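>>> A predicted structure for the sequence below; I have some questions about it.
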Amino acid sequence: MTTRWNRRPRAARRLGVLLGTAVVLTGTPALATPVVAGAQPTTAATTATTTTAAEQAEASAFARAAATGEPVEIVGLRTEDELVHANPDGSLTSETSVQPQRVRRPDGSWEKADATLERRPDGTVGPKAAVVDLAFAAGGSSDFVTLGEDGKSFTLRWPTPLPEPVLSGDTAEYREVLPGVDLLATASVTGYSYVLEVKTAEAARDPRLAELRLPVRSEGLDLGTGPTGGLQAVDASGERVFGGQAPKMWDSSATGLPADAVPASGTDTRAQEAPGAAAKVADMTLDVSASAVTVEPDRALLTAADTDFPVYIDPEAGMSKSEWLYVSSSHPSTEYHKFKKDEGVGRCSAKTIGGIYYVCSNSPYTNRMYFQFSTKGWKNRTISKAVFQVYETFSFSCTKSTVNLHMVAEGGVDSATNWNNKPKDGDLMVDRTVAYGRGDSCSPDAPPSWVHFADNAEESNENLTSSVRKKAAGEDPIAFSLRAADEGDPNSWKRFRGEDAKLVVTYNTRPNKPTGEKLSNPEEKTCTTDNTKRPWIRDATPTMSVTGTDADSYTDGTGQNLTATFRVWDQVDGRPMVYEGKDGPQNEGVFEENIPVRELAHGHGYKWHAQTYDGSTGKLKNSGYSEWSDWCEFVVDVKAPDTKPHVAPVASEADLPVGGKRHFTLSANGNADPVFKNDVEFYEWDLGNDTPTRKATPTALGGNATIEVPTSTFGPNVLYVRSVDRAGNRGPLEKYFFTVDRACADALADTCAAAVYGLDQTSGTTAPDTSGHNRTLTVKGADWVAGHGAASAPADKALRFNGTTDHATAVSAVHTGQAFTVSAWVRPTSLAKNISVVSQAGSQGSGFNLYYSTAYKRWIFGRHVSDKAGSDLVRAMAAGERPATVNKWVHLAATYDPVARKFTLFVDGEEQGSATVTDVWNASKGLNIGRAQYGGDWSDPFAGDIDDVRLVPGLLSGTEIFRLANN
C-alpha cells in the first residue's frame, strides 16, 4: 500500500492508497534516450552573489548590488522555497519554487533539501534534509513511519515485524513483508509515500490482503477522512496539517506495439508511482478510527484473470503552500499529485518520422500539467516582470512544437484535481516553441533545458506579468496550466520536471503607509484632525515623527533603506506648503524631522503628513513611494499668560485653625495675548511648593476656578498659583500669603506637634509617637541609655548610636516646603566626622538636616536646594562662640519660615544664624534620626545620645524654643 504523506501549512496535499502496474517504455537508437539532467543550467538567480550575514550587516545588499553590478541575495528573506535578491537597479527578484529547495538547520544555517535516506543513530531511517520530521522503521516491531511538524505528529505501525530495509536513494525497500509482497517507503522533503507491490497472482490471493489495518497514534492531531475521501490530519484549531486523496490501486497492464514500431523514449510513467496509460485502476475503501487506519483492496482487481502483475496499493500525504500535478485522459478520474521526477505534456500517440514509426502509446491519451503558487504577503508588491520556469527533459522529436502556459480561469488545483474535474483554462499567458532533451540526436544538440515563459513585448496577447500582478494584489493563488498548443499532434509530446518549477518575479514592495504620527513640543501630542481636540504647542520648532515600514527593509541593514519626507501646510494663510524636510535614508523604524526656527508663526494653525520612499528607480520608481500618512493638525501659541493670576480667599474662613480647609477663587487677572486674548485653560497651584502641580480647571476658557486647600501648618503659609494656556505656556508665579491659627492653646503641647519621640523606653526596636499621629519610630541597632534629664528623673531615657550603622526611621512628619520646627536633645561622644541628629529625606537629598560639621566645627541646619543628585546645600550655622562639645548635652532646634523662605538654627534656646533659599520642595521619603541622605546614599551616622525629638507643623517663636530648651 503506497501512502504519500506531506506536510501542509497552507494548502492541502493528498493521501491515497493505490494498486497498479508499472509500465516501462524503452528508448530507441534512432531517437536516442533522453539526456540525463546533470547540474542545472545557470540562471540569473543562481549566479547572484551570495554574502554572509556578517558581510550583509556591514553593507546593505542594495548598496552591494549597485556597487558590483550583480544581484545580491538578501539572506534574511531566504525561506525553504523562496530566494530574494537585491538588484543593481534597486528592484528585487523573488524566486519561488513549488517544492522546498532548502532546509534550515537548528543553528540558523541552510542546507540543500535532500530526501536521500540514511540510517540514524537512534535506529530509524530518514531523509538527510527535510522540512518535516520523518522517520521510517529500521526493521523489527518498531513503528513503521512517524511524520510530524512543530510538535504535532502521527505514527503508523505495521501489523507484523518488518525486515531491515534496503536503502536506495529516497526509497526504503522492506522485502517480503508478505510472501511475494514488498513494502516500498519513499521519502520526500515534505512527507512520504509507501506502496505495497504485490508481485504475483499467488501473492494476491493471500487473505491478509483482504484488509490492511495499520494501528495509529497521534499527538496534537485528529485523524479522519478528508473531502476527497483520503486520510487527513487536523490540529486543534481544525486546520489541515497533513492530508491526501482517496486510496486507489492499479495493475501493470501496458499496450503492445506493432512489430515494426519503435518505442519513444521518455514516455513512461513509473508504475510504482502512478498508473500507466493502459493500467486497470480501482478505488478502495478507507476507514479511519482513533486507533487504526484500514484499507480494503479491490478483490476483483487482485484476482482477475487479465490482471498484470505487479499490482500496487498506494496512499499519499503532505503539506505545501504550492501545488504541482498532472492530469491524464488515460485515467480521467485518477489524481497524479506531486509526481516525482518528470512527466509528459501533450498527445502521447504514434507518428512516422523519417520513415520510422515511433510509438508513445498505442492507446493515445493527452496530459496536462498544473502548477500553483501562493502569493501570500505579495499584496504591496509592484511587479515589473514575471517568469515561469520549468525544466524540459525530453521532446518526442527534434522538430520544435509550441507549449502554452495558461492562467487557470477560476479557482485553483489541489490533490483532488484530475482530468474529469480539471479547471478551465483562462487567458493564454505565454507560449514557447521548443524541443529540448533529445541531445545529440538533433542538430544542433538539444540537451535538457529550462524553458522560460516570459512576456514578449512584440506579442500583445502575452500578459503573464500583468496577470501575476493582479493576483498578487489580492494575494490570490496563481495556478498555471501547461499544455501543448496542438493536443492532437503526437509531435507535441514533451516531458517536464515538476518539483523544481519556479515562479520568478522582479518587483518592489511599496513601503507601508506611515503610522504612529506624533508631534513633540516637548511633550508628545496626539495626532488628530478634530478641531476640538487638535493640540496646541508652545514651541515653534516642534518635532514630527512617524514609523515607516517596508517589507523590503530589514533591521540587519541588508534591505532597502527608507527616506521620510515631511510636509507642513499653513491653514490660516492658505499657502500651499510652508516647510518640507527629510529624514533618512535609514532602516525601517521611527523617522523624525524638526521644524526650523521662523517657519511657524504664533496664532496660526498647521497640518502635516509624511511619506516614505525606498529609493527605487526606473520603471519601479513610482512604487517606491508609500501613501501619505494621516493628516495631523496643531496650533502654535508661543505667548505665555503675561499676568499673575488673582487669588481671592473666602473671608468667612479667615479664622479657621490648622486642620481646616480654606477655599480660594482663582482668576486670570487679564491676559493680553495678541491673538487669543484671555486663553487661560487651567491654573496650577500648591501650598508650600513653588513648582505647583495641582490643577484647577475653570468651566470656560479664561474663567475662574475655586480650589479647596487643606491646612496642616499653623503660622505663615504660602499658596503658589500660576496660569497655564492651551499650549502649556505657564505665566508668572503668584505667591499668596495667609496665616493659619493654632488648633491648640499651648504650642509646646505634644498634641500640637506632628511627631514627638520622648525615647523613654528601656528596650525594644520601636518608639511611640506621643503626638497622637502614630508615626511610630523604628529603631535599628541603637541602645537605650539614660536621658538628658535622668539626674532628676531617673525614668528619662535616650537612644545611643554607635556612629556606624545605628539609626531610627519613621514616615515623613512635616512638609518641608511649609512652616515647621524641629528640635532634639543631643550628647555627641565624638566629633571626628560629620554626625546627623535628625533629617527628612527625599529621593537624592535631604529637605532638612540638623547636624554637626567637621569642616565648620559647629552645629548646622542645612537644606539641599533641590532633590537632585549633586544639589548644593544651604546652611544656617551656630555662632563661633557656641562650639560643640563631646559628652555634654545640648538642645538644638531649627525653624523654616515659608513666607521669608528663611530657616534658622537655635542652640540651647538661643538663635544662632539663618539662611534663605530660592526654591522650595517637599522631602517625603521618610524621617531619619542618626543619619542623613546625600546623593541618594546614607551618610553622617551619629555617635552619641539623642533624646526628646520633636517636629512641629508650624513656626515656633524664639520664646517658645527657649522654653523647650529650658523646660
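Noted; the coordinates are in hand.
>>> Spell out the residue ranges of the helices in the protein.
Here the chain has its helices, by DSSP state H, at 53-58, 61-68, 201-204, 299-303, 464-473, 958-965.
>>> Out of these, flag the one nearest Cys348.
Across the helices of the chain, Cys348 has its closest neighbour in helix 299-303 (23.5 Å, C-beta to C-beta). Backbone N, C-alpha and C define where each C-beta goes, glycine included.
>>> other SSEs contacting the closest one?
In terms of contacts (3 or more C-beta pairs under 8 Å, 6 or more residues apart in numbering; DSSP states H and E), helix 299-303 is packed against helix 201-204.
>>> can you give me the offset of the helix it packs on from its chain's centre?
60 Å (C-alpha atoms, centre = their mean, to the nearest Å).
>>> Equivalent analysis for stretch 716-730, please.
Worked out by C-alpha atoms, centre = their mean, stretch 716-730 lies 44 Å from the chain centre.
>>> in that stretch, what's buried?
716-729 (16 or more other C-beta atoms under 10 Å).
>>> again, but for stretch 364-383
Of the residues in stretch 364-383, those buried (16+ other C-beta under 10 Å) are 364-375, 378, 380-383.
>>> For the buried residues of stretch 716-730, give me JSON lines that also has distance to Ser449.
Listed next are the buried residues of stretch 716-730 as JSON lines, based on distance: C-beta to C-beta, whole Å:
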{"residue": "Pro716", "distance to Ser449": "100"}
{"residue": "Asn717", "distance to Ser449": "96"}
{"residue": "Val718", "distance to Ser449": "93"}
{"residue": "Leu719", "distance to Ser449": "92"}
{"residue": "Tyr720", "distance to Ser449": "88"}
{"residue": "Val721", "distance to Ser449": "88"}
{"residue": "Arg722", "distance to Ser449": "84"}
{"residue": "Ser723", "distance to Ser449": "83"}
{"residue": "Val724", "distance to Ser449": "78"}
{"residue": "Asp725", "distance to Ser449": "77"}
{"residue": "Arg726", "distance to Ser449": "74"}
{"residue": "Ala727", "distance to Ser449": "72"}
{"residue": "Gly728", "distance to Ser449": "72"}
{"residue": "Asn729", "distance to Ser449": "76"}
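>>> do you know how far Asn461 is from Val387?
Separation of Asn461 from Val387 (C-beta to C-beta, to the nearest Å): 17 Å.
>>> Now do Val36, the pLDDT please.
Val36 carries a pLDDT value of 26.
>>> cool, Ala65 as well?
88.
>>> So it sits against Asn87, correct?
Yes. Using C-beta atoms under 8 Å, Ala65 is in contact with Asn87, at 5.8 Å.
>>> Can you pick out the residue with more neighbours from the two?
A direct count of neighbours by other C-beta atoms under 10 Å for Ala65 and Asn87 places Ala65 higher, at 24 against 21.
>>> ok, that one - contacts?
Thr49, Pro71, Val72, His85, Ala86, Asn87, Pro88 (C-beta atoms under 8 Å, 6 or more residues apart in numbering).
>>> Mind checking which of those residues are in strands?
Among the contacts of Ala65, the residues falling in strands (DSSP state E) are Val72, His85, Ala86.
>>> Identify each of the strands in the stretch 351-500 of the chain and give its residue range.
356-359, 365-373, 381-395, 401-408, 425-434, 449-454, 478-484, 494-497 (DSSP state E, counting those that start in this stretch).
>>> Nearest to Thr506 among those strands would be which one?
Comparing these by C-beta to C-beta, strand 381-395 comes nearest, at 4.2 Å.
>>> Which neighbouring elements make contact with the closest one?
Partner elements for strand 381-395 (3+ C-beta pairs under 8 Å, 6+ apart): strand 342-348, strand 425-434, strand 449-454, helix 464-473, strand 494-497, strand 502-509.
>>> next one: that strand to chain centre, how far?
The answer for strand 381-395 is 34 Å, by C-alpha atoms, centre = their mean.
>>> Just want the angle from it to helix 464-473.
120 degrees (axes from the mean of the first three to the mean of the last three C-alpha atoms, to 10 degrees).
>>> what ranges do the strands span in the stretch 851-967 of the chain?
Using DSSP E, counting those that start in this stretch, strands in the stretch 851-967 of the chain cover 858-864, 873-877, 890-897, 902-907, 910-916, 927-929, 932-934, 937-939, 943-952.
>>> low-scoring stretches of the chain, by residue?
By pLDDT under 70, the weakly predicted segments of the chain are 1-59, 255-272, 315-322, 553-559, 573-574, 671-672, 881.
>>> Could you chop it up by domain?
5-24+115-321, 336-509, 515-627, 646-740, 750-965 (automatic domain parsing).
>>> Of all those domains, which one comes closest to Val98?
domain 336-509 (5.2 Å).
>>> mind checking the end-to-end distance for that closest one?
36 Å (C-alpha to C-alpha, to the nearest Å).
>>> export stretch 799-812 as CSV, just CAs?
Only the C-alpha atoms of stretch 799-812 are listed here, as CSV (Å, rounded to 0.1, in the frame of the first residue of the first chain):
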residue,chain,number,x,y,z
LEU,A,799,19.0,56.4,72.4
ARG,A,800,22.7,55.8,72.0
PHE,A,801,24.0,55.5,68.4
ASN,A,802,27.4,53.8,67.6
GLY,A,803,28.5,56.2,64.8
THR,A,804,28.4,53.5,62.1
THR,A,805,25.2,51.6,61.4
ASP,A,806,22.7,52.6,64.2
HIS,A,807,19.8,54.7,63.1
ALA,A,808,16.0,55.1,63.5
THR,A,809,13.3,55.8,60.9
ALA,A,810,9.7,56.9,60.6
VAL,A,811,7.4,58.3,57.9
SER,A,812,7.9,61.9,57.0
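>>> what's in contact with that stretch?
Here stretch 799-812 has contacts from 755, 759, 767, 769, 775-785, 829-830, 833, 835, 840, 923-931, 938, 941-947, using C-beta under 8 Å, 6+ apart.
>>> Derive a ChimeraX selection command for the buried subset of the residues you listed.
Entered in ChimeraX, the line below selects the buried ones among the contacts of stretch 799-812, by 16+ other C-beta under 10 Å:
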select :755,759,767,769,775,777,779,782,784,785,835,840,923,925,927,928,929,930,931,938,941,942,943,944,945,946,947
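>>> With neighbour count and distance to Thr526 added, can I get the ones in strands among the contacts of Ala65 in JSON lines?
Shown next, in JSON lines, are those (neighbours: other C-beta atoms under 10 Å; distance: C-beta to C-beta, whole Å):
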{"residue": "Val72", "neighbour count": "26", "distance to Thr526": "42"}
{"residue": "His85", "neighbour count": "23", "distance to Thr526": "42"}
{"residue": "Ala86", "neighbour count": "29", "distance to Thr526": "38"}
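>>> Closest to Gly411 out of these?
Closest to Gly411, out of all of those and judged by C-beta to C-beta, is His85, at 31.8 Å.
>>> contacting residues for the closest one?
Contacts of His85 (C-beta under 8 Å, 6+ apart): Ala45, Ala48, Ala61, Ala65, Pro71, Val72, Glu73, Ile74, Leu92, Thr93, Glu95.
>>> Just give me the neighbour total for Ala855.
7.
>>> thinking again about what came up before, neighbour count: Asn461 and Val387, which is higher?
Val387 (21 against 11).
>>> hang on, the more buried one packs against Asn456?
No. Counting by C-beta under 8 Å, Val387 does not reach Asn456; the two are 11.7 Å apart.
>>> Now do stretch 200-219: distance to the chain's middle.
49 Å.
>>> swap in stretch 654-674?
52 Å.
>>> Which positions in it come out as buried?
Val658, Arg662, Phe664, Leu666, Ser667, Ala668, Asn669, Asn671, Asp673.
>>> Out of these, give me the two with the largest separation.
Top of the distance list for these (C-beta to C-beta): Val658 and Asp673, 39.6 Å.
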